[in-house]
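1. coords please:
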Amino acid sequence: MLRALIVAPLLIIPVCLYLLVSLTAGQGGTQARLDGALFSLPMMSGGRFVFALGDLVLLIGLIFLFVEILKAARTKGDAIVNHSLSMVLLLFSVIGFLAFPGFGTSVFFLLMVMTLLDVVAGPIVSIVAARRDFGIGENVGG
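-> Numbering: from 1, shown residues only. Take a look at the predicted model:
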């Protein structure tokens, strides 16, 4: 179970959460459901801070993106599988964004950008970590 959490891209969780929201949106549509306020707080400025369902999905995505970048610093062989699965998740996200009307929202677009950042940053962080672990590029003897 723990190995599956290490290998699987965690950004699949907010993408699946978005899918759940989209499937249960009903008559109002996905955008209306995402814009629905979960809570609001009065601010000192006199305005109100409104936290919507779409904001929650994005917050969860940002937290998992942070964890994915931390996971990319590992130099084990299963990191390659994680990077490959992240690429597959990006591919499915792009297809969903382009082909399905409920996925053409700014919230899903930002989730898709998070998966793109995971695909781009993951291998770069892994390479930097591997270079550090193996001492490549060090000035030896000079």
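2. next, count neighbours for Leu23.
-> 10 (other CB atoms under 10 Å). All C-beta spots, glycine's among them, are computed from the backbone N, C-alpha and C.
3. can you check Leu91 too?
-> Leu91 - counted by other CB under 10 Å - has 12 other residues nearby.
4. and the gap between it and Asn82?
-> Distance from Leu91 to Asn82, counting by CB to CB, to the nearest Å: 15 Å.
5. go on, Leu110?
-> Going from Leu110 to Asn82 by CB to CB gives 21 Å.
6. counting neighbours, go ahead and name the busier of those two.
-> Asn82 (22 against 15).
7. so the more buried one makes contact with Ile6?
-> Yes - in this structure, Asn82 is within contact of Ile6 by CB atoms under 8 Å, at 7.4 Å.
8. overlap in contacts of those two?
-> Here Asn82 and Ile6 have Lys71 as joint contacts, going by CB atoms under 8 Å, 6 or more residues apart in numbering.
9. name the helix or strand for the residue nearest to Leu38 when sequence neighbours are not counted, please.
-> Sequence neighbours aside, Phe51 is the residue nearest to Leu38 in space, at 5.3 Å (criterion: CB to CB, 6 or more residues apart in numbering). Assigned by DSSP states H and E, Phe51 belongs to strand 48-52.
10. the helix or strand just after that strand packs against which elements?
-> Where DSSP H and E defines the elements, the next helix or strand beyond strand 48-52 is helix 53-71. Helices and strands touching helix 53-71, by 3 or more CB pairs under 8 Å, 6 or more residues apart in numbering; DSSP states H and E, are helix 12-23, helix 30-35, strand 37-42, helix 78-99, helix 106-134.
11. quick one: distance of the second one to the chain centre.
-> Going back to what we said before, that points to helix 30-35. Relative to its chain's centre, helix 30-35 lies at 19 Å (CA atoms, centre = their mean, to the nearest Å).
12. what does the first one give?
-> What separates the centre of helix 12-23 from the centre of its chain is 12 Å, taken as CA atoms, centre = their mean.
13. what is the mean pLDDT for it?
-> The predicted model assigns helix 12-23 a mean pLDDT of 95.
14. over to stretch 99-108?
-> For stretch 99-108, mean pLDDT is 94.
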